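Engineer: Here is a sequence with its predicted model. Questions after.
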Amino acid sequence: MADDNTLLQIEHLRMQFGGLVAVDDLSFNVERGKITALIGPNGAGKTTVFNCITGFYRPTGGMLSLHTNEGKTFLLERLADYEITKKAKVARTFQNIRLFTGLTVLENLLVAQHNELMRASGMTVLGLFGFPSYKRAAKEAIKKAEIWLEKINLVNRADDPAGDLPYGDQRRLEIARAMCTEPQLLCLDEPAAGLNPKESLELNDLLLNIRDVEHTSVLLIEHDMSVVMEISDHVVVLEYGSKIADGTPEMVKNDPKVIAAYLGVDEDEAASGEVTSGGEITGSVEISETEIISADLQEQEEKRS
Ligand SMILES: Nc1ncnc2c1ncn2[C@@H]1O[C@H](COP(=O)(O)OP(=O)(O)OP(=O)(O)O)[C@@H](O)[C@H]1O
């Protein structure tokens, strides 16, 4: 059910690749002004859901209704990817960083505003030189870039090539670049992948700022439980393409189905409180964040190398 607080309503989403059902009858809502995390073991279908939302894949079935803050509704499954970005105001980042590494940090933030600048130029070369609207838009673009440079603490590196930045700074720059397009929904695919604990904390601060100051809704795929449990308002858990849990971080963390999915044990075993990921017998079971985090760090290291 959607109400005024629902920004994105996903209903009975299905995505099939030949004989493989990657996402099966998935329904959940992304609330306006909240951080929603989509989690699940490798291959659960998380990135496929993102690809359906952002128009990279045309879903096999289901509806994706985006209700903008201005009261318009867009059926994303019927739009091309560029329309989803431009009209429905959905921005995304990818698992692998996709900055323009040869451009400076500032240029990366300005390129993101290219559409706005072209519109202000009247789409003509003359416009580029003469239109007052273009000059005004250019000034605003620089102002917006400066604001984001400050938010991500990179004012001093504005003129350096983006590719020279440390990994954590590149991740935050990519998010800032997406924010320069003024999205209503920001989709982040594993933003904490490969970050060290200090960089993870900086990422948390940035995402909380995006929610609380920019009032932008965030949907994030994340394996790093220190990020998910710390900043999410709502967590949806997928396993084999289906939803197995949907609730607050606290509810999800203690759900036997989720514990079983992560630890690779039976749900009954998980519910009985007798199994840990190391196979030891204990009196209580909860997803061990440190164990998941260390397993993820190992995986992230492998992805980076
Ligand atoms: N274009 C595609 N063609 C065929 N199969 C695909 C395609 N994209 C994804 N899949 C399959 O769909 C399933 C879900 O993949 P997906 O990448 O969505 O999982 P994920 O939860 O994001 O995994 P991870 O956490 O490892 O990134 C996998 O079995 C994957 O191999």
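Structural biologist: Arrived safely. Since we're looking at a predicted model, the values are computed, not measured.
Engineer: hey, let's count contacts and neighbours off CA atoms from now on
Structural biologist: Fine.
Engineer: Up against the ligand, what does the protein have?
Structural biologist: Within reach of the ligand by CA under 6 Å from any ligand atom, the chain has these residues: 17, 22, 41, 42, 43, 44, 45, 46, 47, 48.
Engineer: of all those residues, which two lie farthest apart?
Structural biologist: The largest separation in the residues of the chain next to the ligand, counting by CA to CA, is between 17 and 41 at 19.1 Å.
Engineer: circling back: among the residues of the chain next to the ligand, name the buried ones.
Structural biologist: Neighbour counting with 16 or more other CA atoms under 10 Å marks 22, 41, 44, 45, 46, 47, 48 as buried within these.
Engineer: Can you name the helix or strand that the closest residue to residue 246 other than its chain neighbours falls in?
Structural biologist: Take residue 246 and drop its neighbours on the chain: the residue closest to it by CA to CA, 6 or more residues apart in numbering is residue 236, 4.4 Å away. Assigned by DSSP states H and E, residue 236 falls within strand 234-239.
Engineer: now residue 193
Structural biologist: With DSSP H and E as the criterion, residue 193 is inside neither a helix nor a strand.
Engineer: What residues does whatever residue of the stretch 151-300 of the chain ends up closest to the ligand make contact with?
Structural biologist: For the stretch 151-300 of the chain, the residue closest to the ligand is residue 241, as judged by CA to the nearest ligand atom, at 6.9 Å. Residue 241 makes contact with 21, 22, 23, 24, 26, 44, 45, 46, according to CA atoms under 8 Å, 6 or more residues apart in numbering.
Engineer: what two of those have the greatest distance between them?
Structural biologist: Based on CA to CA, the longest span within the contacts of residue 241 runs between 21 and 46 and measures 12.7 Å.
Engineer: Wait, residue 145 touches residue 110, no?
Structural biologist: Yes - if you go by CA atoms under 8 Å, residue 145 and residue 110 touch, sitting 6.6 Å apart.
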